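In: heads up, no residue letters with this:
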C-alpha cells in the first residue's frame, strides 16, 4: 500500500520523481484550455474520495480538477455529511470506503484521524492537511522553486512567522531534499523540536533566529503563512499579531535576502499583516505559480500512490 502521509515518511527518490513528474505534466499541458483532459488518462475508471473536515479552496479545487484531468471521477464528502469518528469509528469508515473507491484524500484536524484511516484502509490515503503537517503544499512549493531557480538542494530557505503545520512539512522537506532551513519567529510559537532534529540528523542546517533581518540574510527563498486561524478568538488574534509583527515580510526585509530570492505564501493571505501587498505582488513573489502547482504536484502524488 502506497500512502502519502508525510514527506519524511516517503522515500527521497520517490519525492524527487514526483516533483519531476509534476513539472513534466505541467509542461505537457502548456497552452491547452483549462478544461482539456490530459493526453494520458491514467485515472480512467478510478474513483477518488475527497474528504473535507476542514473547509478548503485550493485543496478541493486542485484535487478535484486533477482527478478529472486524468480521467477519473471524484466523490467530495464533508465532515457534516459523514459519521467520521462520531457515529462510526474511523477504522470502520476506512474499511467501508475502501470497498467503494480506489484512493482517499482526507483534510482533517487531528493527525490521529489520518493515521487511523491509513492503517485500516485497503486503498492509498493522501494527507490533504492536518493540524500537524501539510505535505502536499510543500511538494508544490519545492516544484515552484525548482521551476524558477533550479535544484533546491543546498539552498537557504527562511520561514518567517508561526512554527505551524506548513513549517513542519518544510522541515521534513529540508531533510529529504537537502536544503537548509531557518525559522524566524517568537519563542512562544516555536515549531516542535522533533521536526528540527529529524532534519538535522539528515545532514542539513536547521536554525532558529529571533532577528528577522539576520535570518533572511542571503536567503534563496522566504516563506510565510497567515498569523491567525479562522477559529481564533479576537483576543488570540491580537496576541498573535503582537508577537508576530516583527516578522512581517515587507520590502525592507526582502531587501536583506539574495537579490534573486523568491517569496512564497501558501494562501489564503491576510494582506498587509504577515506580508505586505508590495511583496505579495512584487518581483520576488511566485505565490500564484505556487497555488497553481498544487494541481500538478498532487496529480503526481496520486499517480505515485496508485502506481499509474
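Out: Okay, I see it. None of these values were measured; they are calculated from a predicted model.
In: please make it C-alpha for all contacts and neighbour counts, starting now.
Out: Noted.
In: which residues of the stretch 51-200 of the chain fall in strands?
Out: Secondary structure of the stretch 51-200 of the chain, counting by DSSP state E, counting those that start in this stretch: strands at 73-78, 103-107, 125-129, 156-160, 180-184.
In: ok, the closest residue to residue 249 other than its chain neighbours - contacts?
Out: Ranked by C-alpha to C-alpha, 6 or more residues apart in numbering and with sequence neighbours excluded, the top spatial neighbour of residue 249 is residue 275, at 4.6 Å. Applying C-alpha atoms under 8 Å, 6 or more residues apart in numbering, one finds that residue 275 lies in contact with 224, 248, 249, 250.
In: restricted to strands, list those.
Out: Counting by DSSP state E, the part of the contacts of residue 275 found in strands is residue 224.
In: by neighbours, which of the contacts of residue 275 wins?
Out: Across those, the neighbour count under other C-alpha atoms under 10 Å reaches its highest value at residue 249, namely 27 neighbours.
In: show me the helices in the protein, by range?
Out: The residue ranges that make up the helices of the chain, judged by DSSP state H, are 12-29, 58-69, 90-100, 111-120, 135-149, 165-177, 193-201, 212-216, 234-244, 251-254, 277-280, 287-306.
In: and the second one, what does it pack onto?
Out: This points to helix 58-69. Under the contact criterion of 3 or more C-alpha pairs under 8 Å, 6 or more residues apart in numbering; DSSP states H and E, the helices and strands touching helix 58-69 comprise strand 47-52, strand 73-78, helix 287-306.
In: give the buried residues for the last one.
Out: Looking back up the chat, that one is helix 287-306. Neighbour-count burial for helix 287-306 flags 287, 289-291, 293-306 (criterion: 16 or more other C-alpha atoms under 10 Å).
In: can you check stretch 209-227 too?
Out: Buried residues in stretch 209-227, counted by 16+ other C-alpha under 10 Å: 209-210, 212-213, 215-227.
In: compute the first-to-last residue distance for that stretch.
Out: 18 Å (C-alpha to C-alpha, to the nearest Å).
In: same check on stretch 171-190?
Out: Start to finish, the residues bounding stretch 171-190 are 13 Å apart (C-alpha to C-alpha).
In: pLDDT of it, averaged?
Out: Taken as a whole, stretch 171-190 carries a mean pLDDT of 98.
In: got the contact list for it?
Out: 6-8, 12, 16, 138, 152-163, 195-196, 198-212, 215, 243-244, 247.
In: under the pLDDT cut-off, which ranges of the stretch 51-200 of the chain? List them.
Out: Low-confidence regions of the stretch 51-200 of the chain, defined here as pLDDT under 70, cover residues 83, 85.
In: and the pLDDT for residue 35?
Out: Taking residue 35 on its own, its pLDDT is 86.
In: again with residue 231
Out: Confidence at residue 231, expressed as pLDDT, is 63.
In: same check on residue 287?
Out: The model reports residue 287 with a pLDDT of 98.
In: list the contacts for it?
Out: 263, 264, 265, 266, 267, 280.
In: equivalent analysis for residue 77, please.
Out: Shown in contact with residue 77 (C-alpha under 8 Å, 6+ apart): 49, 50, 51, 52.
In: give me that answer again for 10 Å
Out: Residues in contact with residue 77, defined by C-alpha atoms under 10 Å, 6 or more residues apart in numbering, are 49, 50, 51, 52, 53, 106.
In: I'd assumed residue 102 was in contact with the second one.
Out: No: using C-alpha atoms under 10 Å as the test, residue 50 is too far from residue 102 to be in contact (11.2 Å).
In: skip the chain neighbours and tell me the closest residue to the residue nearest in space to the middle of the chain.
Out: The residue lying closest to the centre of the chain (C-alpha atoms, centre = their mean) is residue 137, at 1.6 Å. Take residue 137 and drop its neighbours on the chain: the residue closest to it by C-alpha to C-alpha, 6+ apart is residue 294, 6.5 Å away.
In: so how far is residue 99 from that neighbour?
Out: Using C-alpha to C-alpha, which is the criterion applied here, residue 294 is 28 Å from residue 99.
In: go through the strands of the stretch 51-200 of the chain and name the closest to residue 116.
Out: Closest to residue 116 of these, according to C-alpha to C-alpha: strand 125-129, at 10.4 Å.
In: on that earlier part again, dump the contacts of residue 275 into CSV; add pLDDT and distance to residue 44 as well.
Out: Putting the contacts of residue 275 into CSV (pLDDT from 0 to 100; distance: C-alpha to C-alpha, whole Å) gives the following:
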residue, pLDDT, distance to residue 44
224, 98, 37
248, 98, 45
249, 98, 44
250, 98, 46
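In: want to throw the contacts of residue 275 into CSV with distance to residue 91?
Out: Output for these, formatted as CSV (distance: C-alpha to C-alpha, whole Å):
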residue, distance to residue 91
224, 35
248, 42
249, 43
250, 46
